[in-house]
Each structure stands twice: as structure tokens, then as C-alpha cells.
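# task: produce atomic coordinates for the following.
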Amino acid sequence: MPLDTIIRFENADIFIQDHLVLSDVNFQINKGEFLFLIGKVGSGKTSLIRTVNAEHPLMKGEGYVSEFSLHELKRRQIPFLRRKLGIVFQDFQLLTDRTITENLAFVLKATGWKEKTEIEKRISEVLERVGLATKGYKMTHQLSGGEQQRVVIARALLNDPEIILADEPTGNLDPETSQDIMGILTDISKNGRAVIMATHNYNLIEKYPARTLKCEDGKLI
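Model (predicted):
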């Protein structure tokens, strides 16, 4: 794979179990590139993202993510692949019985961080990065939808991933908050991380022009 390329798919078929969702998928993304993934609901956007993070196996064709080959991936390699990825979900998936800091500490401990001072330092860095430096003590329900999405982005950045996968990250947010989230995601790509954002919000695409791939009729265009 060329040095600057961080994701590459060649002649890949994307399946959910036995159902073919996208056929003959060919694309590549370079480090620091921002890419929109568009298409109707059910057109294959989420399936493609889930193939990139090895939730769905790649059955046919070739796929490369960082130094991993998806078509040859062993089960024991999946956790190492996922450390290269930060995932931003539409529905937040935060733990509601914990503070923001506790949510982030949970992820760090689960991925092998042990030192309390290192954990605290990393949490304060990512919260500052998303403009929530003073909100770590709050419970998730005390935050607005936009603030919760910022926490999700902070969580995605914890292990300093090379790639951010954002699946409809503004789907539940008002237009003004959506622009705030877009500002954070575009900044992240300017700092050298590749960002793939699945969306059906065409206003955002007009406002933040970037390379766009479309899932349509079982193909990636």
C-alpha cells in the first residue's frame, strides 16, 4: 500500500451475513483526508463502515486498513486493528450511570491503560480538544445532545487513532450543533487523521466540500 494511503479496497464485495450489499468496491483514502459517504438509508454506508472496523468480515476482494489486511485478518488481530480506529456513533452509546470522565476512563482501562495519572492526563487532553474541559464531572444526562456527541468524539480520540469512522454523527442534532461537530471533525482531519463520515445531510456536504463517495444500487460511486 502506498505510504500515504491508510485505507484501500480492491474489487471487494460487502456482505451482511449472506446478503450482498455492495459489489466491486474500489476506493482508497489517504492520511489526513476527509471523505463523505452518502446514500439512502439501507444503501450500504453502515455496512461498509462495519467492514472497515472488522465487525463484518470481508469475504471477497481485498481490503487494507493501516497495516492490516482485512481479507486475511485473524480474530486475534481485530483488537489491534480497532486501536487504529476511532468510532463516532449517531446514538452516542455512553454509559448513563457514570460521569463523562468515568466513561472515558472505562474505555482507556479496557484498552490496557493502567497508570492513573496517565489516564487522567489523556482524558483532560481529549476533553479540551472537543471544548469540554470543564464538564468531565457531569453525568451524561446533564449534557445537551451536542455535548454528548462531543464526548463521543473525545472517546474516539482516546487511543490516538489514525482513522475516525463517523456514522451519521449529526443525525440527531440541530443544524447549529451539527456545524460545531463538523468543525471538530474537519479539524481532526487537518491534524493528519483520515475521517470517513457517513451522512445523508446534503447541506453539510455543500458547506464543507470534500471528496464524496455514494452508495447506490449496490455500487460505490
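
# switch to C-alpha atoms for all contacts and neighbour counts from now on
Will do.

# tell me the buried residues in the longest helix anywhere in the chain?
Looking across the chain with DSSP state H, the single longest helix is helix 175-190. Neighbour counts over helix 175-190 (16 or more other CA atoms under 10 Å) mark 177-179, 181-182, 184-186, 188-189 as buried.

# pull the most distant pair out of these.
Thr177 and Ser189 (18.9 Å; CA to CA).

# before we move on, back to that, could you dump the buried residues of helix 175-190 to JSON lines with distance to Ala110 and pLDDT?
As requested, the buried residues of helix 175-190 are arranged in JSON lines below (distance: CA to CA, whole Å; pLDDT from 0 to 100):
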{"residue": "Thr177", "distance to Ala110": "30", "pLDDT": "92"}
{"residue": "Ser178", "distance to Ala110": "30", "pLDDT": "92"}
{"residue": "Gln179", "distance to Ala110": "31", "pLDDT": "91"}
{"residue": "Ile181", "distance to Ala110": "26", "pLDDT": "93"}
{"residue": "Met182", "distance to Ala110": "28", "pLDDT": "94"}
{"residue": "Ile184", "distance to Ala110": "25", "pLDDT": "94"}
{"residue": "Leu185", "distance to Ala110": "25", "pLDDT": "95"}
{"residue": "Thr186", "distance to Ala110": "28", "pLDDT": "95"}
{"residue": "Ile188", "distance to Ala110": "24", "pLDDT": "94"}
{"residue": "Ser189", "distance to Ala110": "26", "pLDDT": "95"}
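
# noted, bye for now.
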